[in-house]
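Asks: just a sequence and a predicted model for now, questions to come.
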Amino acid sequence: MKFTGWNLLVSLCLFSSSLLTQAQPAPTVIADLDNRANISLNGDWHFMVDPYASGLYTFHHEVKADGYFLNAQPKPGSADLVEYDFSKSPTLKVPGDWNTQREQLFYYEGLIWYERGFEFNPKANHRTFLHIGAANYRSMIWINGKHICDHEGGFTGFDCEATQQLHAGTNFVVMAVDNTRLADGVPTLNTDWWNYGGITRDVSLVDVPERFIDQYDLRLNRARTSIEGWVHVEGAMQGEAVTVAIPEARLSVTASLDAKGNATVTLPAAGLEFWSPEHPKLYRVTLAADGDKLEDEMGFRTIETDGTKILLNGKPIFLRGISIHAEAPYRGGRANNDKDVATLLGWARELGCNYVRLVHYPHDERMTRAADRMGILVWSEIPVYWAEHFDDPAVLKKAQQQLGEEIARDRDKASIILWSIANETPATAARTQFLETLAGNVRALDSTRLVTAALLVRTEGKDKFIEDPLGASLDVIGANEYIGWYEGRPEDADTTAWHSAYQKPLIISEFGGGAKAGLHGAATERWTEEYQASIYKHQLGMFNRIPQLRGLSPWILMDFRSPVRQLPGVQDGYNRKGLISEKGEKKQAFFILQKAYREGTVGKPE
Ligand code: GCU
């Protein structure tokens with residue numbers, strides 16, 4: 001295995017953890033963290049670009065005891081050899097990818113060190129976690145020069161305990177983040193999106209009592225007669241009580257914790273207003289256990305399939321959707337604030353959507369919180385994308401870790417109805433086995449939502465055949481197709497017939513074509529708005545001839561950066577299949593889809 005900077009960095013660190021500190025416990029995920037009181041560490045962090053990881057190992061690749069993580073500062077007039085100084089280094093905004101903050105970092109792939117100081121006052125018998133909303137792609141973290149955790153995965157949040165390393169007064173945190181793409185990464189080397197690196201989401205310190213509620217799952221049972229679930233209290237003793245209440249519904253239940261800190265709870269659902277796109281009712285839910293008190297905002301609904309139907313609260317539904325990348329409108333870069341979310345979901349709402357496919361990775365938690373409040377159903381996805389190394393058990397572990405982090409963070413979101421385990425993966429035996437395992441992992445973690453994936457379909461003449469063996473493990477079939485763009489002409493959709501090996505609900509999870517906003521010409525001229533509009537017109541006519549079709553998420557809401565889209569004067573580093581440009585310019589196809597959604601002329605719930 002060729003050692004690059006980071007691989008050596010991580011492997012040496014892992015093998016030489018005694019040099020830094022004893023190996024730390026793996027990061028965890030504390031549920032509902034965005035509702036816990038926290039100290040934000042967002043803002044300006046000093047940074048240093050370190051492509052050779054010289055901040056961590058010597059010229060013979062031994063891990064330094066005096067690496068950058070110590071945040072040493074040269075004492076004026078001393079003989080100390082310190083060849084770095086965070087305090088005199090420039091700063092980057094956190095949260096924020098580095099690519100769009102500094103021109104010289106636009107294409108940078110490698111290691112960057114971040115550092116900032118902060119004041120802290122520890123509370124007796126409390127524990128403190130450093131929360132990172134996301135850092136792409138791998139991170140190592142130190143508090144006051146002591147290693148607290150490592151993490152791999154660019155799109156899921158994680159929490160590292162820092163209780164022992166913090167002290168009263170001024171502290172500092174150092175993070176080493178490397179966005180180098182890896183053949184055995186999740187995603188792997190090739191993606192059709194920009195590899196935005198850095199601390200791309202919020203960072204905060206979260207203070208919890210010695211025994212605290214770290215995970216819970218409350219959901220409406222299938223019969224919609226009661227709310228069932230469990231609560232876990234970290235550090236609790238057997239027999240301690242946990243109380244779950246929904247004050248507005250005058251519901252409350254107390255249960256006792258078992259030896260592992262778990263308690264199951266049930267509350268009657270009679271009279272409860274169920275969550276739906278038309279009525280996105282959220283209840284304030286309080287959870288209390290042994291000195292810890294938590295509040296969440298939750299909707300209660302059921303989602304299931306019945307043959308080829310998708311039933312929301314027992315009623316068939318058609319998902320009028322759109323695919324969305326976490327690309328910030330107007331400013332570019334990773335979407336990570338309320339304004340980005342309001343713009344993206346506002347456009348989806350304006351389009352007439354009741355559903356969005358958040359591609360190809362978990363988005364900022366603000367998106368799923370907003371979807372809960374707006375009544376927009378969600379397809380959430382981990383980046384098992386294209387040609388992963390499906391025969392590598394280490395890659396499966398990475399995918400399982402990201403899946404676990406995704407579900408642990410978002411299991412309290414009524415808007416999420418679909419967990420997607422893959423996008424356009426090759427139908428090899430190794431891939432199918434890998435994803436069958438992942439589908440089983442989803443169901444073990446969360447039996448209340450539907451498992452899906454975006455599959456490739458076989459084309460014969462103009463007809464489409466859904467026969468990917470993975471379909472047998474899915475509740476809902478996703479299928480990507482590009483009639484008129486990557487294959488044939490837009491009008492071919494008029495005579496395309498669809499055949500599925502599965503009597504299951506079908507979502508066309510991608511279709512569409514590119515257009516440069518403002519480029520006009522004949523409907524036969526590629527890259528014009530008219531050509532893209534023609535694709536949509538013909539596709540929409542085809543959809544009503546697919547009896548098991550239950551949803552659409554056209555590709556894609558907004559143009560987004562991609563290193564594989566080079567065409568000068570048209571793409572210029574952007575994938576142009578958006579219905580809206582990155583500057584907010586709506587293309588003709590936007591209005592064609594909007595008309596179909598608003599008038600209900602496309603798609604049948606049963
Ligand atoms: C694929 C893939 C997307 C990609 C799109 C395209 O279906 O899932 O990630 O951006 O097609 O080619 O534009």
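Replies: Received it, and whenever you're ready, just let me know what you need. Residues are numbered from 1 along each chain as shown.
Asks: could you point out which element follows the helix or strand harbouring D159?
Replies: For D159, the element it lies in under DSSP states H and E is strand 158-161. Counting by DSSP H and E, the element after strand 158-161 in chain order, helix or strand, is strand 169-178.
Asks: quick one: contacts for I39?
Replies: Counting by CB atoms under 8 Å, 6 or more residues apart in numbering, I39 touches F118, F120, S204, L205, D207. All C-beta atoms are positioned from the backbone trio N, CA, C, and that covers glycine.
Asks: among these, the buried ones, what's the ChimeraX command?
Replies: Selecting just the buried residues from these in ChimeraX takes one command, with 16 or more other CB atoms under 10 Å as the test:
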select :120,204,205,207
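Asks: of all the contacts of I39, which two lie farthest apart?
Replies: Farthest pair in these (CB to CB) is F118 and D207. Separation: 13.0 Å.
Asks: send the alpha carbons of stretch 199-218 over as CSV?
Replies: Provided in CSV are the C-alpha atoms of stretch 199-218 (Å, rounded to 0.1, in the frame of the first residue of the first chain):
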residue,chain,number,x,y,z
ILE,A,199,-14.6,21.8,8.6
THR,A,200,-17.7,22.3,6.5
ARG,A,201,-20.4,22.4,9.3
ASP,A,202,-20.8,23.8,12.8
VAL,A,203,-18.4,23.1,15.7
SER,A,204,-19.4,23.4,19.3
LEU,A,205,-18.8,22.3,22.8
VAL,A,206,-21.6,20.4,24.4
ASP,A,207,-21.9,20.1,28.2
VAL,A,208,-23.9,17.2,29.6
PRO,A,209,-24.5,15.8,33.1
GLU,A,210,-22.4,12.8,34.1
ARG,A,211,-25.4,10.6,33.1
PHE,A,212,-27.1,11.9,30.0
ILE,A,213,-29.6,10.9,27.3
ASP,A,214,-27.5,10.2,24.2
GLN,A,215,-29.9,8.3,22.0
TYR,A,216,-33.6,7.7,21.7
ASP,A,217,-36.1,6.6,19.1
LEU,A,218,-39.9,7.5,19.4
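Asks: show me how far that stretch is from its chain's centre.
Replies: Centroid separation between stretch 199-218 and its chain, computed with CA atoms, centre = their mean, to the nearest Å, is 17 Å.
Asks: quick one: find the helix or strand in this structure with the lowest mean pLDDT.
Replies: Sorting the helices and strands of the chain by mean pLDDT, DSSP states H and E puts helix 17-20 at the bottom, at a mean of 36.
Asks: next SSE after it?
Replies: strand 38-40.
Asks: which neighbouring elements make contact with the next helix or strand after that next one?
Replies: Using DSSP H and E, the helix or strand that directly follows strand 38-40 along the chain is strand 43-49. If you count contacts as 3 or more CB pairs under 8 Å, 6 or more residues apart in numbering; DSSP states H and E, strand 43-49 packs onto strand 91-94, strand 111-120.
Asks: could you give the number of residues near K88?
Replies: By other CB atoms under 10 Å, 9 other residues sit near K88.
Asks: that one and G96: what is the separation?
Replies: Relative to G96, K88 is positioned 21 Å away (CB to CB, to the nearest Å).
Asks: close to the ligand: what parts of this structure are there?
Replies: By CB under 6 Å from any ligand atom, the residues of the chain that approach the ligand are D192, H360, N423, E424, N480, E510, W555, N575, K577.
Asks: any idea of the pLDDT on P76?
Replies: Listed pLDDT for P76 reads 87.
Asks: what about it, how many neighbours?
Replies: 5.
Asks: same question for K583.
Replies: K583 - counted by other CB under 10 Å - has 12 other residues nearby.
Asks: same thing with L579?
Replies: 28.
Asks: now do T495
Replies: So T495, with other CB under 10 Å, has 12 neighbours.
Asks: distance of it from F129?
Replies: For T495, the distance to F129 equals 58 Å [CB to CB].
Asks: can you give me the strands for the stretch 401-550 of the chain?
Replies: 416-423, 450-456, 458-460, 463-466, 476-480, 498-500, 506-510, 549-552 (DSSP state E, counting those that start in this stretch).
Asks: what lies in contact with the fourth one?
Replies: This means strand 463-466. So strand 463-466 is contacted by 455, 457-459, 477, 479, 481, 496-502, 506 (CB under 8 Å, 6+ apart).
Asks: can you flag the buried ones in the residues of the chain next to the ligand?
Replies: D192, H360, N423, E424, N480, E510, W555, N575, K577.
Asks: the residue sitting furthest away from the middle of the chain: what secondary structure?
Replies: Farthest-out residue of the chain from its mean C-alpha position, per CA atoms, centre = their mean: G77, at 49.1 Å. Three-state call for G77 (DSSP: H, G, I helix; E, B strand; the rest coil): coil.
Asks: and the one 10 residues further on, by the same measure?
Replies: Here S87 is helix, with the state taken from three-state DSSP.
Asks: Three-state assignment for the closest residue to it other than its chain neighbours, please.
Replies: Among residues not flanking S87 along the chain, Q73 sits closest, at 6.0 Å (CB to CB, 6 or more residues apart in numbering). When classified by three-state DSSP, Q73 comes out as coil.
Asks: measure Q73 to P568 for me?
Replies: For Q73, the distance to P568 - CB to CB - is 47 Å.
Asks: before we move on, what about R201?
Replies: 33 Å.
Asks: report the contact partners of P393.
Replies: With CB under 8 Å, 6+ apart, P393 has no contacts at all.
Asks: hmm, back to that, list buried residues within the contacts of strand 463-466.
Replies: By the neighbour-count criterion of 16+ other CB under 10 Å, the contacts of strand 463-466 include these buried positions: L455, V457, I477, A479, E481, T496, W498, S500, Y502, L506.
Asks: name the nearest of the residues you listed relative to the ligand.
Replies: Among the buried ones among the contacts of strand 463-466, E481 lies closest to the ligand (CB to the nearest ligand atom), at 8.8 Å.
Asks: how about the nearest residue to that closest one, chain neighbours excluded?
Replies: F511 (5.5 Å).
Asks: name the residue of the stretch 51-200 of the chain that lies nearest to the ligand.
Replies: The ligand sits closest to D192 of the stretch 51-200 of the chain, with a gap of 3.6 Å, by CB to the nearest ligand atom.
Asks: let me have the buried ones among the contacts of strand 463-466 in a markdown table, adding pLDDT as columns.
Replies: Formatted as a markdown table, those follow (pLDDT from 0 to 100):
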| residue | pLDDT |
| --- | --- |
| L455 | 98 |
| V457 | 97 |
| I477 | 98 |
| A479 | 98 |
| E481 | 98 |
| T496 | 98 |
| W498 | 98 |
| S500 | 98 |
| Y502 | 98 |
| L506 | 98 |
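Asks: got CSV for these, with distance to N262 too?
Replies: Converted to CSV, the buried ones among the contacts of strand 463-466 look like this (distance: CB to CB, whole Å):
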residue, distance to N262
L455, 36
V457, 43
I477, 35
A479, 39
E481, 44
T496, 51
W498, 45
S500, 41
Y502, 36
L506, 38
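Asks: ok so, going back, quick one, what contacts the residue nearest to S87?
Replies: Taking CB under 8 Å, 6+ apart as the test, what Q73 contacts is V82, D85, F86, S87.
Asks: what about 10 Å?
Replies: Shown in contact with Q73 (CB atoms under 10 Å, 6 or more residues apart in numbering): D80, V82, Y84, D85, F86, S87, K88.
Asks: straight-line length of stretch 33-46, end to end?
Replies: 26 Å (CA to CA, to the nearest Å).
Asks: now that stretch, how far from the centre of its chain.
Replies: So, by CA atoms, centre = their mean, the centroid of stretch 33-46 is 19 Å from its chain's centroid.
Asks: buried sites along that stretch?
Replies: Applying 16+ other CB under 10 Å to stretch 33-46 flags L33, D34, R36, N38, L41, N42, W45, H46 as buried.
Asks: run through the bridge partners of the fourth one.
Replies: In this structure, N38 has beta-bridge partners V206, where bridges are defined by DSSP bridges.
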